[in-house]
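Participant: Structure for the following, please:
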Amino acid sequence: MGIDHALPAMTHLTVHEWGRTNVHNGPGPSPSGAFTRSQANALLRAARSHPLANQSGTNILIDHHSEIRARQVVGVIAAPGCSLEILPKIDAVSDESNETIRTRLVSMLDVALGLKLGDGQALSMARQKETLLDILIRLFADRLLAETRRGLPRAYMAQEEDLAALRGRLNVIRQFTHHAVRPDRLACQFDTLLPDTPLLRIMKACVLLLRRHAHALETQRRLDELRFVLAEVRDIPVSALPWTQVRIDRTNRRWESIYELAKLFLKREWQRTDHDPKAGQGITLLFAMNDLFEAYVAALVRKALLGSDLTVHSQGGSRYCLMEEGEGGNPRFQTTPDILIKRHEQVDLVLDTKWKLIGRNPEDKKRGVSQSDVYQMMAYARLYRCRDLVLLYPHHTALGAPALAIKYRLAEGGERLKVASIDVTKSTAEVIQSLRELINQNLCERQL
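Facilitator: Numbers count the residues shown, from 1 in each chain. Model prediction:
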């Protein structure tokens, strides 16, 4: 098994949402802190081909010739010879380091995607001067190596082999066609317990992909060890991986979180990993911050309401605003509230998340809340017959302390709208407690 230890020199740059990085368009190597034009073009191609992208890819990256600008996505775009890391713009005022912001992002991904990384190893690694891609690759390698040392899951596989003594059952057709004049050879069919399972084929495909993109020597060493451990597992192209054949049950439950990490690299439903064959199988892990913030809040709201008679429904509305006139009129303009909180079948609270830094202009009486967001909440109040609504934004330094909680009452009605903020820089337990208090306050105020 050949191992390529030498990796070409790479240009790694980091920006924040809406940030810019320079592009060197002239001859010769690019100066420090800039991509060459060919590198920039490779990153732009990767952005255009990603499932999150619009037709031109300008909702991910914009080419301004002498610079490229990131939009409201976070993650990593890796292309031959270069990679661009995009971190969230959590606070426009404080001067947090990239290591700190990366730690916040890893925590949000852990919660939103159910990776079960915990606050220990994952956050410790995130504080190091490594990119998000480096951190996730190392986490995958560490976890997979720890599990393989506990033993590989195996399954019985059908085997065929010509042997001197009968093993299993005789393949009569092969015996009398191929071994008619060889009575010393028996065409045997038997089952053998092997590690070549659908789950481990996915693990091996992920190991082989990540080995091409790992830069830390220790991570490379661990991935090489995994290649040796999984030598009996067949190599399967990413496009042919047996996802539908994998079943996580009580017999392999300990592999669940590793399987989720592999899906993060190889396949995601709402955030997909792009593999561009023209780019040497580059990795592009991108997350729309609006979607990530919504999934993060929804996961923590579920934890906050455990043990209560309230249920949480993410993207669970789907009622229509309008119906065409006439018999059998078709519904039009479907709504999808981010989070519905129900008691039995009654909607008690509509919670909509917005990844926007509001309140940066102290003279703005509306605090930066957009007219369209308010109209949207008014429609939800009517359609879902709900009297309590919350617009939830990320908290930041300019909003002051404590977290934002502005109460409004809808004109010509008794519905109430609260504009609130949640501090994602706090620990998971603290955010859960803040969400529990926010929801309970709304429900208690209704009863007064």
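Participant: and the helix or strand where Glu294 lies, what other elements does it pack with?
Facilitator: Secondary structure from DSSP states H and E places Glu294 in helix 289-304. Packing partners of helix 289-304 (3 or more CB pairs under 8 Å, 6 or more residues apart in numbering; DSSP states H and E): strand 73-79, helix 98-113, strand 310-314, strand 339-343, strand 346-353, helix 428-447. No exception for glycine: its C-beta is placed from N, CA and C like everyone else's.
Participant: Which helix or strand lies directly C-terminal to the fifth one?
Facilitator: Meaning strand 346-353. helix 371-383.
Participant: Hey, what's the angle from that next one to strand 346-353? Just curious.
Facilitator: 170 degrees (axes from the mean of the first three to the mean of the last three CA atoms, to 10 degrees).
Participant: Off-centre distance for helix 371-383?
Facilitator: Relative to its chain's centre, helix 371-383 lies at 29 Å (CA atoms, centre = their mean, to the nearest Å).
Participant: Next, the angle strand 339-343 makes with it.
Facilitator: 30 degrees.
Participant: Can you tell me what sits against helix 371-383?
Facilitator: With contact meaning CB atoms under 8 Å, 6 or more residues apart in numbering, helix 371-383 is reached by 317, 319-321, 335, 337, 350, 352, 354, 386-387, 389, 391, 410, 413, 415, 417.
Participant: can you give me the helices in the stretch 101-250 of the chain?
Facilitator: Secondary structure of the stretch 101-250 of the chain by DSSP state H, counting those that start in this stretch: the helices cover 121-126, 132-149, 172-178, 198-211, 217-229.
Participant: Which among these is found nearest to Val297?
Facilitator: helix 121-126 (19.5 Å; CB to CB).
Participant: What helices and strands are in contact with the helix or strand harbouring Leu13?
Facilitator: Using DSSP H and E, Leu13 sits within strand 11-16. Other elements packing on strand 11-16 under the criterion 3+ CB pairs under 8 Å, 6+ apart are strand 34-36, strand 82-87.
Participant: among the ones you listed, which is the most enclosed?
Facilitator: strand 82-87 (a mean of 25; mean count of other CB atoms under 10 Å).
Participant: what's the spacing between the closest residue to Thr14 other than its chain neighbours and Gln175?
Facilitator: Of all residues not flanking Thr14 in the chain, Glu85 sits nearest, at 4.4 Å (CB to CB, 6 or more residues apart in numbering). According to CB to CB, to the nearest Å, Glu85 and Gln175 sit 60 Å apart.
Participant: ok, and what's touching stretch 321-328?
Facilitator: Contacts for stretch 321-328 (CB under 8 Å, 6+ apart): Gly329, Asn330, Pro331, Arg332, Phe333, Gln334, Thr335, Ala379, Leu383.
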